[in-house]
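Trainee: build the 3D model from these lines:
(2 chains)
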Amino acid sequence: MKQQLAPLLSAAVATLQADGVLPADQPVDIQLERTRDRKHGDFASNLAMVLCKAARSKPRDLAEKLVAALPESDVVTRVEIAGPGFINFYLAPAAYHAMLQQVLAEGEKFGRSTVGAGKSVQVEFVSANPTGPLHVGHGRGAAYGATVADLLEAVGHKVHREYYVNDAGRQMDILAASVYLRYLDLCGESFTFPSNGYKGDYVWDIGASLHRKHGDALRHSAEDVFRDITPDEPAGGDKEAHIDDLIARIRSLLGEEHYRETFDLGLDSILENIRHDLEEFGVCYDEWFSERSLTESGAVDRALERLKASGHVYEKGGALWFRSTDFGDEKDRVVVRDNGQTTYFASDIAYHMNKLERGYDRVIDVWGADHHGYVPRVKAALTALGDDASKLDVLLVQFAILYRGGEKMQMSTRSGEFVTLRELRNEVGNDAARFFYVMRKCEQHMDFDLDLAKSQSNENPIYYIQYAHARVASVFRQLPEKGFEWNADNGAEHLDRLTESHEDQLIVALSRYPEVVESAALNHEPHMLAHYLRELANEFHTYYNAHQFLVDDSDLRDARLNLIQATRQVIANGLGLLGVSAPDSM
RNA sequence: GCCCCGGUAGCUCAGUUGGAUAGAGCAAUAGCCUUCUAAGCUAUGGGUCAGGGGUUCGAAUCCUCUCCGGGGCGCCA
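Mentor: All right, here's what the predicted structure looks like:
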């Protein structure tokens, strides 16, 4: 609806520019907003106040000239100048009626747009290390990333959803070692499990499947495994050195082939678990991108070569450093360690280089806020490579802080003390979980009280919205019982019968939907949609309580059915974008 | 010490990128089911927008300083 008004203002500005009232050389940004209060009309523009300086005129005087210059339009019934110089527009009922019919005609496509048409965007999210099942901390990134991706798609972008699999590096070696040690335990060896190993039950399961496949064939005595290993921390040693020694020992005892097998068994079964978990959560990917493949394809070497060629790396203390301080980072960063191994950062440079090479117009990373310090160095690397770092948007999602019994819970994959995403979904349901995670803007810390989510799940706002949808469905179920039929065409002809203020407010709320979707998508703020849906449901419930839909007057009845059917449609569309179901009965 | 995020009603949070009288939910109080689902509706109370200074027609919103809370600052990933 906004698109119908903006040209009118542009035309008025053009007229005043031609008349010399406004300087002709300045481009004018047309600002048009929904009014907060219906008494101020439907839309308001602050144009006169913004331009009054350039016009050397009082805001209200300029507003009058602008209004006088507005072209005729059948969308607008009245234009008013108010307050310090606002220009308020009152829309014709016909404009709203046309919108209602558009909802019914377009169905699930209503609210989609083409503002992003022709633009491709890659969204990488979750990307949790495959060292354990997803926990509730990952859930927020999953729900947020998936919703941002869906929203961008809804406004016309071509979206590529991607999970970066950290299938290389020390954490994965620690997992492999943990799996092997559990296997040894199942073989009957006895020893103290390293304090730095992965202790979750799932590691036992993987160890068990290794045992099922090989029996005792891979068994080595605990004595051989632990001989001359740096003692663990509880034993007065160093837990990091302890686990590193164990990894090296296990690797040499097993041989490369069996070590790799153990490693991949851990990786594959956890990744499969994660994939399955996300799928059930309604989160799907176009690509699972392997970190290891970056090394194998030579992308890491190529990235380092390019940095060397452009003179942004140097050697110090046997290591290779990237001079990120040249690009505003607070200190330089190591890309190749003195032991010859490339760092995680080197992989990430190669990965982001790869993303841009694939030609996306925009690249979005959804990261936990704890990685915020990492943003400057990645952008620095892209700039150093000669790429356009401004194509990369890093969206930082603050932690969800878990509370149970009023106590803050520590989440640690290593210790195995965490609540999995699956447990959460089982307890509060997919819909509530998806909705809850995106209810707050991502920069906001989120208090996730498990007891509240579980014990009072009926008070979750999601039910309020779904209930509105179910109520409409229920009304339509009642139709035949009362001997009525819905004639949508007749309803369309009598929309002018919708004269109640509750109807008016509901219609206005519906008309906002496309604007909300667009704004939520372009700003990467799904919570705007969540809040909007609550307001829409509120308008509907109020209407429902105030008026009967299934009245004897068929013209009025059909018009009302058109209205509530459109409401049902918009709620379903909005919930769909949030990954939440819209049930017909509750 | 430096960096990021937050501070708005008793609690949890919105506030349309600087607009008109700062809004919801929960909690509290009082009402509404022989009528399409009461997981609903109506009404009431509740505020120094953390605090000071600045920018301008206009500030919860932008700038600056201070205070408070969370997180991050590795040749880990």
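
Trainee: tell me how chain A divides into domains.
Mentor: Annotated domains of chain A cover A:2-91, A:97-114+A:460-577, A:170-280 [automatic domain parsing].

Trainee: reformat the ones you listed as TSV; add mean neighbour count and mean pLDDT.
Mentor: Placement of C-beta: from N, CA and C, glycine included. Below are the domains of chain A laid out as TSV (neighbours: other C-beta atoms under 10 Å; pLDDT from 0 to 100):
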stretch	mean neighbour count	mean pLDDT
domain A:2-91	16	86
domain A:97-114+A:460-577	18	95
domain A:170-280	17	95
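
Trainee: what would the ones you listed look like in TSV with distance to A:Glu330?
Mentor: Compiled in TSV, the domains of chain A are given as follows (distance: least, C-beta to C-beta, whole Å):
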stretch	distance to A:Glu330
domain A:2-91	36
domain A:97-114+A:460-577	26
domain A:170-280	25
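
Trainee: now the residue in the stretch 101-250 of chain A positioned nearest to RNA strand B. Nearest residue, chain neighbours left out?
Mentor: RNA strand B sits closest to A:Gly169 of the stretch 101-250 of chain A, with a gap of 2.7 Å, by C-beta to the nearest atom of the strand. Ranked by C-beta to C-beta, 6 or more residues apart in numbering and with sequence neighbours excluded, the top spatial neighbour of A:Gly169 is A:Tyr344, at 6.1 Å.

Trainee: how much space is there between the one you found and RNA strand B?
Mentor: As judged by C-beta to the nearest atom of the strand, to the nearest Å, A:Tyr344 and RNA strand B stand 4 Å apart.

Trainee: what's the first helix or strand after the longest helix seen in chain A?
Mentor: For chain A, the longest helix by residue count, based on DSSP state H, is helix A:239-280. Per DSSP states H and E, helix A:239-280 leads on to strand A:287-290 as the next helix or strand towards the C-terminus.

Trainee: buried residues, that next one. List them.
Mentor: Buried residues in strand A:287-290, counted by 16 or more other C-beta atoms under 10 Å: A:Phe289, A:Ser290.

Trainee: right, and RNA strand B sits closest to which residue of the stretch 201-350 of chain A?
Mentor: Counting by C-beta to the nearest atom of the strand, the stretch 201-350 of chain A gets nearest RNA strand B through A:Gly317, at 2.8 Å.

Trainee: list phi and psi for the closest residue to that residue other than its chain neighbours.
Mentor: Sequence neighbours aside, A:Asp338 is the residue nearest to A:Gly317 in space, at 6.4 Å (criterion: C-beta to C-beta, 6+ apart). The phi and psi torsions at A:Asp338 (degrees, to the nearest 10) take the values phi -70, psi -20.

Trainee: neighbours of A:Asp338, how many?
Mentor: 12 (other C-beta atoms under 10 Å).

Trainee: what does A:Gly118 give?
Mentor: Neighbour number of A:Gly118 under other C-beta under 10 Å is 9.

Trainee: determine the three-state secondary structure at it.
Mentor: Secondary structure assignment for A:Gly118 (DSSP: H, G, I helix; E, B strand; the rest coil): coil.

Trainee: so who does it touch?
Mentor: A:Gly118 sits next to A:Gly156 when contact means C-beta atoms under 8 Å, 6 or more residues apart in numbering.

Trainee: can you map out the strands along the stretch 401-550 of chain A?
Mentor: Applying DSSP state E, counting those that start in this stretch to the stretch 401-550 of chain A gives strands spanning A:407-408, A:446-449.

Trainee: partner strands of the last one, parallel or antiparallel?
Mentor: Read that as strand A:446-449. Strand pairing for strand A:446-449, determined by DSSP bridges: strand A:400-404 (parallel).

Trainee: kindly format the C-alpha coordinates of the strand it pairs with as CSV.
Mentor: Only the C-alpha atoms of strand A:400-404 are listed here, as CSV (Å, rounded to 0.1, in the frame of the first residue of the first chain):
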residue,chain,number,x,y,z
ALA,A,400,20.7,-18.1,25.4
ILE,A,401,21.4,-18.3,29.1
LEU,A,402,19.7,-21.4,30.5
TYR,A,403,18.1,-21.4,33.9
ARG,A,404,16.8,-24.4,35.7
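
Trainee: can you give the distance of it from its chain's centre?
Mentor: Mean-position distance between strand A:400-404 and its chain equals 20 Å (C-alpha atoms, centre = their mean, to the nearest Å).

Trainee: tell me the average confidence for it?
Mentor: Regarding strand A:400-404, the rounded mean pLDDT is 73.

Trainee: so which bits of it are buried?
Mentor: A:Ala400, A:Leu402.

Trainee: which one of the strands of the stretch 401-550 of chain A has the poorest average confidence?
Mentor: strand A:407-408 (a mean of 66).

Trainee: neighbours of A:Asp286, how many?
Mentor: Other residues near A:Asp286 come to 12 when the count uses other C-beta under 10 Å.

Trainee: can you list the neighbours in contact with stretch A:317-331?
Mentor: A:304, A:307, A:312-315, A:332-338, A:345, A:349, A:376-377, A:379-381, A:383-384.

Trainee: take it, keep the C-alpha atoms, and write them as PDB.
Mentor: The C-alpha trace of stretch A:317-331 is given here as PDB (Å, rounded to 0.1, in the frame of the first residue of the first chain):
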ATOM      1  CA  GLY A 317      59.400 -17.000  15.600                       C
ATOM      2  CA  GLY A 318      59.100 -19.800  13.100                       C
ATOM      3  CA  ALA A 319      55.500 -19.100  12.400                       C
ATOM      4  CA  LEU A 320      53.700 -17.300   9.500                       C
ATOM      5  CA  TRP A 321      51.700 -14.200  10.500                       C
ATOM      6  CA  PHE A 322      49.100 -12.300   8.700                       C
ATOM      7  CA  ARG A 323      49.500  -8.600   9.200                       C
ATOM      8  CA  SER A 324      45.800  -7.900  10.000                       C
ATOM      9  CA  THR A 325      46.800  -4.700  11.900                       C
ATOM     10  CA  ASP A 326      47.100  -3.100   8.500                       C
ATOM     11  CA  PHE A 327      43.400  -3.400   8.200                       C
ATOM     12  CA  GLY A 328      42.400  -2.200  11.600                       C
ATOM     13  CA  ASP A 329      42.700  -5.500  13.600                       C
ATOM     14  CA  GLU A 330      44.200  -5.000  17.100                       C
ATOM     15  CA  LYS A 331      47.000  -7.500  16.500                       C
END
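
Trainee: can you show me the strands along the stretch 51-200 of chain A?
Mentor: For the stretch 51-200 of chain A, strands defined by DSSP E, counting those that start in this stretch occupy the ranges A:76-82, A:86-91, A:120-124, A:158-165.

Trainee: out of those, nearest to A:Leu16?
Mentor: When those are ranked by proximity to A:Leu16, the top entry is strand A:86-91, at 12.9 Å, counting by C-beta to C-beta.

Trainee: partners of the closest one, with directions?
Mentor: strand A:43-45 (antiparallel), strand A:76-82 (antiparallel).

Trainee: same list (these) but as CSV, adding distance to A:His135.
Mentor: Converted to CSV, the strands paired with strand A:86-91 look like this (distance: least, C-beta to C-beta, whole Å):
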stretch, distance to A:His135
strand A:43-45, 45
strand A:76-82, 53
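
Trainee: figure out which of the ones you listed is closest to A:Arg275.
Mentor: Across the strands paired with strand A:86-91, closest to A:Arg275 is strand A:43-45 (C-beta to C-beta), at 46.2 Å.

Trainee: contacts for that closest one next, please.
Mentor: Residues outside strand A:43-45 that contact it (C-beta under 8 Å, 6+ apart): A:1-2, A:5, A:9, A:30-35, A:86-89, A:91.
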